[in-house]
Structure formats: structure tokens, C-alpha cells
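Peer 1: The amino acid sequence is not available; the structure is as follows:
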């Protein structure tokens, strides 16, 4: 039985790898030398060619990184790597509570270090080549160390409590784990921008002036109480522009990248903000949180059905049932269900984007939002025409051309 599960896992890994490469090939074949009509007069011919070169180079690089990851996981499976790391963890600590922490700590650290050269190349070669990178080595290393620390404290803390729940309650651990993760998700929704983001970026309140007055006027018009509009120093790492909404209730805030303020007109910035406000007014933030909580509960419940299985552990080369080994085996076997759930979430997310665009169009200015989308796409060298299959399986947003068609209709 364990051999059957082992080969099912191998089959799923290979299928996922080949399927992703197929989508990338379709994306590349869908690139066109003909500039779409909405971008004529906006995208210079040379910049348009540059955007396609950027897409091709990122796709090739993604092939190398994905192939490297595939080789690593296959080596771990065929050479008993998970069993080896399990033995290391048990040698380091005899505590059943701490073994999973040490196990995932070793795996996470080793895999991250092995992938660091790819991250360096992506940042300091590809992003530098196309004029995006503003990061230096000091910031890169600092970000890496901070990420490790956060992973150890937050990820390690959550894992420790979940393992503790499992040891206390057995298969019923999923109920307590679900409660814990739900509280954590709500907490992060409320406080991520005020607690985590400042570890990496500086956020300052938007200064007084015509832009702030315009934002306040719009918020008053749509009855949206917003005390927190912040500017984040995104230019510290990249020239790419963005904006995002976070929080609930009194903790809600809109964050504008300093590059966004530099690249867009005031009308375009307010139109982007109107889109973000639309997500809140249409209850997308809360609905997304509820759906994520339900999805997490379903996943944990299914996990609880297999968490004691000696067969799953044996399939990964460990001849005793181990929580952390079964967690990995389950994650690999769960990938088809995860993909289906992800497809559903993407469909909802794309619908939400259209609704937020419509809100901005009806309550502020469709042409200004359309202009902002065009400028941001050009600035970020976005792919104008990804293949429809790629959009269906991976895109949480409609393509920019789809959004422009709705806005300009």
C-alpha cells in the first residue's frame, strides 16, 4: 500500500510540474507583436518589445527554478531524505513536541539556502536588467534574516500549538487548530499592516495637500470613514507601483506606494483608491476572510482523517507514524483538491475585481481608473495577453484588457 501511495505522490508531483510548464508554453505562444488597441499611443513600440522580453526571461527563469525544486523533492523522496531529516530532528531533541519544529526548521532553512542563489539572480540580474531593482545586498540579507525570524516565531509558534493540540486530543486536534488559525487570520487581517509591514518598510501618513483633500472628498461622498491613508517607501526595493487595502473596522487602512504617487496623476490615484474602497464596500474583504476560514477548516478536517496513518509515513520512508511526516505526505496528496479550491477562489476573486472596478467607475471615474491601469501595466512591463487557460488556473485578477473592456463599455 505504501508503494502505491509513494507512486501516486510521484505522479501528482510530475503532473503538476508538467501542467505548469504547459501553461507557460501557452503563455509564450500567446505573445503577439501586434499591440492591442487600448494600448496604442500608450505603449511605445520599444517598451512593448521590452515587456515581452521581460515575460520570456521570467518564464525561462521560472523553468529553471521549478526544475531545480522538482529535482530536490524527487531526491528527497527516492533517497529517503525525509527519513534522514526526521532522524536528525530526533537526535537533536527527544521531545515529541519539539521534533516537528526541528524537522521543519531544518527543511525550511536548507531549502531556502539552496534557493537563495536563484533569488539573488532574480533580484540583481533580471530585475536590475529591466530597471526595477532598487535593493542592495544589505537590504536583501536583512529581509532574509527578518523572514527567517518571523517564520521561526510565528510559524514555529503556530506549529508548536497545533502539535500540542494533537498530542492532547488526537484526531480532534483539527477543531482546536482551526480555532487557532482562525484567530490568527483575523489578527493578521487587522494588524498585518501595522505590525509586520513596518519591519520591512516605512509607512508615513499621507501629507496634507490636494491629493489628501481629494481622497477625503471621495470618502465623504461614498460614506467611507477612512482615517488611515499611508504612503509606503516601495521605491526602497523596486520601481514597480502598487496600492493595497488592509484591515477591518477602525483598523482599516489604504496604503499607497510612493512610486504610485510619483507615476500617476491625482485623479488616477484617487481612482485606484476608489477601487480599493469598492472592495470594502462590497464586503469582499470579509467574504474572502470567511471563505479562507471555511477552506482551512475543511483542509484540517481531512488532514485529521489521515494524521495517524503509518502507511503515509512509510510512503515517505519513515517506518512509524509521525505527525510532521504525515503532514508533508498529506500536503502532496491534497494538491488536486487544493487546486480545485484555488480555482473557485480565483473565480470569486476575479468577479470581485470587476465589482470593485464598477464601484470606482460609478462613484468616481471610469476613464481615470482605465488610465491608471494602462500606466501601471506599462510601468511594470505587464503581460497584456496571457493565455486564457493560464488566466483561468492562476489569475486572481482579470487581465488588464478584460478590465479595460468592462470599464470602457
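Peer 2: Cool, got the structure. Bear in mind that the values here come from a model prediction, so they are computed numbers and not experimental data.
Peer 1: lowest confidence element among the helices and strands of the protein?
Peer 2: Taking mean pLDDT, DSSP states H and E as the measure, the chain has strand 243-246 as its least confident helix or strand, at a mean of 81.
Peer 1: Would you mind checking the average pLDDT for the next helix or strand after that strand?
Peer 2: Counting by DSSP states H and E, the next helix or strand C-terminal to strand 243-246 is strand 253-257. If you average the pLDDT over strand 253-257, you get 87.
Peer 1: Which other helices and strands does strand 253-257 contact?
Peer 2: Under the contact definition 3 or more CB pairs under 8 Å, 6 or more residues apart in numbering; DSSP states H and E, strand 253-257 sits against strand 229-232, strand 243-246, helix 266-281. C-beta: built from backbone N, CA, C; applies to glycine.
Peer 1: Of these, flag the one that's most buried.
Peer 2: Comparing these by mean neighbour count (mean count of other CB atoms under 10 Å), helix 266-281 ranks first with a mean of 22.
Peer 1: ok, and what's touching the least confident helix or strand of the chain?
Peer 2: 189, 192-193, 252-257, 260, 272-273, 276-277, 279-280, 285 (CB atoms under 8 Å, 6 or more residues apart in numbering).
Peer 1: Between the helices and strands packed on strand 253-257, which one is closest to residue 150.
Peer 2: Closest to residue 150 of the helices and strands packed on strand 253-257 is strand 243-246 (CB to CB; 16.9 Å).
Peer 1: Within the sheet, what are the partner strands of the closest one, with directions?
Peer 2: Here strand 243-246 is paired, per DSSP bridges, with strand 253-257 (antiparallel).
Peer 1: Now do the contacts for the spatially closest residue to residue 212 that is not a sequence neighbour.
Peer 2: The shortest distance from residue 212 to any non-neighbouring residue, by CB to CB, 6 or more residues apart in numbering, is to residue 206 (5.1 Å). Contact analysis of residue 206 by CB under 8 Å, 6+ apart lists 212, 215, 229, 230, 231, 256.
Peer 1: Three-state assignment for the second one, please.
Peer 2: At residue 215, secondary structure determined by DSSP: H, G, I helix; E, B strand; the rest coil is helix.
Peer 1: thought it was touching residue 274?
Peer 2: No - taking contacts as CB atoms under 8 Å, residue 215 lies outside contact range of residue 274: 9.3 Å.
Peer 1: From residue 106, how far out is residue 91?
Peer 2: Noted for residue 91: a distance of 11 Å to residue 106, by CB to CB, to the nearest Å.
Peer 1: neighbour count winner among these two?
Peer 2: Taking other CB atoms under 10 Å, residue 91 and residue 106 do not tie; residue 106 has more neighbours (16 against 10).
Peer 1: Surely that one forms part of a helix?
Peer 2: Yes - the assignment for residue 106 is a helix, going by three-state DSSP.
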